[in-house]
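1. A structural model of the following input is requested.
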Amino acid sequence: MTHGTPHRYPVEWIDRLTLPDGRLVTIRPVLPQDDTLEQAFVAQGMTAKSRYLRFLIGLQELPDALAQSLTRIDYHNHFALLAEWFDDGTEVQIGDARFVRVDPASGHAEFAIAVADAWQGLGIGRHLLRLIVKAAHAHGVQLLYGDLLHENRAMLTLATATGFTQRRHPEDARLARVERDLRVDAPVDDWDQAAQAVLVRAMQAHDAPAQPAVSSATPAATAVPARGE
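-> Predicted coordinates:
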């Protein structure tokens, strides 16, 4: 499901990321035919815990309708990037980042990020978050936010280390809300090294990888507003 007429395919958001071990990851906007990639990513790339943190339900696989809503987007009100690499010529999705405007007139959008469990701790989630913040700002989003389970410490730490403010969720005690006002806190091109140091120290204290497992943002998961928003 898209939010309006699809815009042109935004080739300017195609990116490459070289991992510490030398592997090359391609990051690109999603395409309608990526629905099967998304389904494999969720069913095979994510553990049950990661799927729960991402979707807030005990999801085992993406139903066809949900997979299509995540890939048939307009690149403006619903914008999404996927991270992929090629394993002996086979295309494998290893990450996903997106934002969805809660109300196109409000300037508010919700984001979500997920990284395959085997690929966590390599900087992919951090890079995806940086790109999705830049994309939201470029598309006129004024307030970018995410609703995260309190147990999702990796994502909470990453978000606050990269300029998001953590607040109490207005409706659900299980969740924390992180938000960033892009009108006064516009993204910059380079990763803030001081913020990275804060992230690494915090994740060491939590005995967790210094990169997010997932972000659980319901509108960004289903491409429709939820919880009355």
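2. tell me how far stretch 95-105 lies from the chain's centre.
-> 9 Å (C-alpha atoms, centre = their mean, to the nearest Å).
3. give me the buried positions along that stretch.
-> If you call a residue buried by 16 or more other C-beta atoms under 10 Å, then stretch 95-105 has these buried ones: Gly95, Asp96, Ala97, Arg98, Phe99, Val100, Arg101, Val102. To be clear about C-beta, it is placed using only N, CA and C from the backbone, and glycine gets the same treatment.
4. spell out the secondary structure type for the closest residue to Val141 other than its chain neighbours.
-> Using C-beta to C-beta, 6 or more residues apart in numbering and skipping residues adjacent in sequence, the residue nearest Val141 is Ala109, 4.5 Å away. Secondary structure, DSSP: H, G, I helix; E, B strand; the rest coil: Ala109 is strand.
5. ok so, going back, can you put the buried residues of stretch 95-105 in CSV and add secondary structure?
-> CSV is the format used below for the buried residues of stretch 95-105 (three-state DSSP):
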residue, secondary structure
Gly95, strand
Asp96, strand
Ala97, strand
Arg98, strand
Phe99, strand
Val100, strand
Arg101, strand
Val102, strand
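6. what's the most distant pair in those?
-> Gly95 and Val102 (23.2 Å; C-beta to C-beta).
7. please enumerate the helices of the chain.
-> Remark: helices assigned in the chain by DSSP state H are 35-40, 48-55, 64-71, 124-138, 153-161, 193-205, 218-222.
8. and Glu171, which of those helices is closest to it?
-> Short answer: helix 218-222, nearest of those by C-beta to C-beta, at 11.2 Å.
9. pLDDT on the closest one, on average?
-> What helix 218-222 shows for mean pLDDT is 51.
10. same question, stretch 123-140
-> 96.
11. run through this structure and note the low-pLDDT ranges.
-> 1-6, 188-229 (pLDDT under 70).
12. one step back: for the helices of the chain, which one sits closest to Arg174?
-> helix 48-55 (11.3 Å).
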